[in-house]
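Enquirer: Structure for this input, please:
(one chain, ligands or ions: 2)
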Amino acid sequence: MSDKFQAVVIGGGPGGYVCAIRLAQLGLNTACIESRGSLGGTCLNIGCIPSKSLLNLSEEFSKVKNLSNKGIEVGDVKLNLPKMMKSKEKAVTVLTKGVEFLLKKNKVTYFKGTGSFKSKKEIIIRDDKNKETIIQAEKVIIATGSLPVSLPKIDFDEKIIVSSTGALNLEKVPQKMVVVGGGYIGLEMGSVWSRLGAEVHVVEFLDHITPGMDKEISQEFMKILKKQGIKFHLQHKVEKVTKNELGAVVSTSDKDGNKKDFECDVVLISVGRKPNTNGLNLEKIGVKIDEKNRIKTSKAFQTNLDNIYAIGDVISGPMLAHKAEDEGIAVAENIAGQSGHVNYDTIPGVIYTTPEVASIGKTEEQLKEKNIQYKIGKFSFMANSRAKAIDDAEGFVKILADEKTDKVLGAHLIGPHAGELIAEIGIAMEFGASSEDIARTCHAHPTFSEAVKEAALSVDKRAIHS
Ligand code: FAD
Ligand code: NAD
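Expert: Ligands and ions are numbered 1, 2, ... in the order given. Predicted structure coming up:
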């Protein structure tokens with residue numbers, strides 16, 4: 001007799017493991033299947049965590065080199081890349097082991113192996129020795145995440161032509177790195193290697209970086225990154241990448257058809273990710289996918305088969321860990337008979353560069369497109385006393401509120417700790433707050449959060465410090 005579970009989650013990333021824990025908390029006998037040999041998915045193993053570790057370490061390296069400008073004399077500052085990589089790996093190991101502990105603590109059965117459907121209620125698990133186990137599942141939640149995409153006829157070797165996975169593991173600092181795609185990965189990993197000494201060129205197809213982000217923030221962001229030494233080539237299309245004995249040549253053409261070759265030792269291709277449904281056998285059981293290979297789901301995360309659900313990067317919506325986690329919780333609650341839901345209007349997006357960039361709700365461009373009348377409140381970190389005190393005052397806070405009701409519709413920040421500051425606005429938006437609610441809330445002094453309060457005051461043209 002094969003083991004029988006009330007719920008089986010395929011994939012142990014932030015969507016899957018969080019879902020499995022919540023299902024177990026709600027009293028369901030739950031299993032979680034993960035193929036990579038360690039839990040935490042893309043996020044903990046080859047995504048959010050290692051990238052944030054390297055962003056932090058490279059920022060510390062770059063800051064220490066410039067401390068003498070602030071009256072702190074340090075000796076020769078040298079990079080020990082293998083040690084830095086070890087520090088990053090330690091962060092990953094501690095966190096992935098932590099997730100394993102959490103599954104055990106919540107009595108979730110963890111299967112190491114690749115899951116695929118035998119039927120809509122039977123899952124085959126194949127381990128790394130090719131041994132098969134079959135388990136029965138009343139409900140199945142697919143949380144198999146996403147994979148990097150490349151460009152036509154360009155394959156990742158993860159040494160010279162790398163995806164984010166290779167870019168997190170380079171053995172030496174490239175002299176010259178070409179980053180194809182000016183989005184989340186390109187700008188975070190481009191920043192890391194630029195701070196560690198590489199000459200970084202970003203080749204972007206569009207006429208601006210970070211598509212989808214509020215245009216004013218995107219422009220300010222590029223200006224700041226340029227000052228840090230990153231070079232941008234907008235409206236450039238990559239035609240081919242040819243490897244040679246020194247590295248690679250990236251051949252591009254611009255919007256007028258002018259050709260330009262970039263010689264480099266490493267090319268990072270960061271032009272997006274695709275949903276991962278590989279090997280699940282979805283065709284056999286008849287689970288429907290859309291034209292972008294995403295599993296189709298209802299608002300309750302149910303697929304076209306009544307006992308099968310899907311969440312995270314493998315369905316539509318932003319490919320973000322916190323979005324996957326919230327969907328994991330919502331689907332678990334729905335399965336347990338509760339009313340789980342995700343508010344897609346308040347999912348923050350953060351780019352962990354220096355300065356950080358954070359965004360929530362509607363952009364100005366989206367409000368214009370929808371013909372919604374709005375007011376803008378803006379406040380520069382140049383006028384924030386904490387930011388000035390520590391000489392970290394680039395960027396601004398921008399709050400968009402409804403013209404008539406003053407309800408906060410969106411907020412866009414570039415500046416110190418923007419990724420933390422956005423949480424306050426997220427809560428305000430969840431409670432349907434007005435900009436005046438934020439403006440009348442007492443914020444500690446001196447803190448960066450006072451810039452949020454001042455931006456809220458500025459919606460009503462009554463900022464005090466500008
Ligand atoms: P995943 O994390 O991809 O997990 C899916 C898991 O399923 C994987 O571990 C995979 O091995 C497993 N799996 C697949 N198929 C099977 C199968 N058949 N059987 C068993 N297991 C299977 N997001 C943020 O919010 N913040 C960030 O700072 C951030 N930084 C990122 C940096 C990088 C470099 C990258 C690449 C991504 C980053 N992301 C970030 C995105 C984030 O990692 C994803 O949105 C998130 O991991 C999606 O979670 P998920 O659970 O849907 O899928
Ligand atoms: P992205 O969608 O963020 O950016 C891709 C960029 O590549 C865009 O600017 C796009 O215009 C450009 N592009 C597309 N095709 C191109 C081409 N042929 N030539 C040149 N440019 C081209 O994708 P990404 O950076 O690969 O990241 C994938 C996803 O991973 C992100 O969308 C995000 O959801 C997630 N992620 C999040 C974080 C974070 O939350 N801090 C960090 C890393 C990754």
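Enquirer: residues contacting the residue minimising distance to the centre of the chain?
Expert: Nearest to the mean C-alpha position of the chain, by CA atoms, centre = their mean, lies Leu320 at 4.6 Å. Shown in contact with Leu320 (CB atoms under 8 Å, 6 or more residues apart in numbering): Ile347, Gly349. Backbone N, C-alpha and C define where each C-beta goes, glycine included.
Enquirer: same thing with the one 5 residues further on?
Expert: By CB under 8 Å, 6+ apart, the contact list for Glu325 reads Pro14, Gly15, Val18.
Enquirer: can we see that at 6 Å?
Expert: Residues near Glu325 by CB atoms under 6 Å, 6 or more residues apart in numbering: Pro14, Val18.
Enquirer: Which strand or helix spans it?
Expert: Here Glu325 sits within helix 321-335, counting by DSSP states H and E.
Enquirer: With ligand 2 in mind, check whether that helix reaches it.
Expert: No. Taking CB under 6 Å from any ligand atom as the criterion, helix 321-335 and ligand 2 are apart, separated by no less than 7.2 Å.
Enquirer: Are whatever helix or strand comes next after that helix and ligand 1 in contact anywhere?
Expert: Next in sequence after helix 321-335, counting helices and strands by DSSP H and E, comes strand 349-351. No. Against ligand 1, strand 349-351 shows no contacts by CB under 6 Å from any ligand atom, the least distance being 6.7 Å.
Enquirer: helix/strand/coil for Met319?
Expert: Classification of Met319 using DSSP: H, G, I helix; E, B strand; the rest coil returns coil.
Enquirer: check contacts around the spatially closest residue to it that is not a sequence neighbour.
Expert: Excluding its sequence neighbours, the residue lying closest to Met319 (CB to CB, 6 or more residues apart in numbering) is Asp313, at 4.6 Å. Asp313 makes contacts with Gly145, Ser146, Met319, as judged by CB under 6 Å, 6+ apart.
Enquirer: what about Asp313, distance to Pro211?
Expert: Plainly put, Asp313 is 18 Å away from Pro211 if you go by CB to CB, to the nearest Å.
Enquirer: Buried ones among the contacts of Asp313?
Expert: Among those, those classed as buried by 16 or more other CB atoms under 10 Å are Gly145, Ser146, Met319.
Enquirer: Correct me if wrong: the first one contacts Pro14.
Expert: In this case it means Gly145. No. Gly145 is not in contact with Pro14 according to CB atoms under 6 Å; the separation is 8.9 Å.
Enquirer: what residues are shared contacts of those two?
Expert: Shared contacts of Gly145 and Pro14, counting by CB under 6 Å, 6+ apart, come down to Gly41.
Enquirer: strands paired with the strand ranked longest in the chain, and their directions?
Expert: Counting residues, the longest strand in the chain under DSSP state E turns out to be strand 132-142. In the sheet, strand 132-142 lines up against strand 4-10 (parallel), strand 122-126 (antiparallel), strand 308-310 (parallel) (DSSP bridges).
Enquirer: Next SSE downstream of the longest one?
Expert: Stepping forward along the backbone from strand 4-10, the first helix or strand reached (DSSP H and E) is helix 14-25.
Enquirer: Which elements pack onto whichever helix or strand comes after that next one?
Expert: Downstream of helix 14-25, the first helix or strand assigned by DSSP H and E is strand 30-34. Secondary-structure packing of strand 30-34 (3 or more CB pairs under 6 Å, 6 or more residues apart in numbering; DSSP states H and E): strand 4-10, helix 14-25, strand 109-112.
Enquirer: which parts of the longest one are buried?
Expert: Judged by neighbour count (16+ other CB under 10 Å), helix 14-25 contains these buried residues: Pro14, Gly15, Gly16, Tyr17, Val18, Cys19, Ala20, Ile21, Arg22, Leu23, Ala24, Gln25.
Enquirer: just stretch 416-426 next, same as before
Expert: Pro416, His417, Ala418, Gly419, Leu421, Ile422, Glu424, Ile425, Gly426.
Enquirer: which residues touch whichever residue of the chain sits closest to ligand 2?
Expert: As assessed by CB to the nearest ligand atom, ligand 2 sits closest to Gly183 within the chain, at 1.8 Å. Under the criterion of CB under 6 Å, 6+ apart, Gly183 has no neighbours.
Enquirer: ditto for Ile285
Expert: Neighbours of Ile285 in contact, by CB under 6 Å, 6+ apart: Phe117, Lys120.
Enquirer: If we use 10 Å, what do you get?
Expert: Ser116, Phe117, Lys118, Ser119, Lys120, Lys121, Glu122, Val140, Thr303, Leu305, Ile308 (CB atoms under 10 Å, 6 or more residues apart in numbering).
Enquirer: Burial check on the fourth one, number of neighbours?
Expert: Spelled out, it's Ser119. 13 (other CB atoms under 10 Å).
Enquirer: now it: how far from Ser298?
Expert: 22 Å.
Enquirer: Helix or strand for Ile425, just tell me which one.
Expert: helix 418-430.
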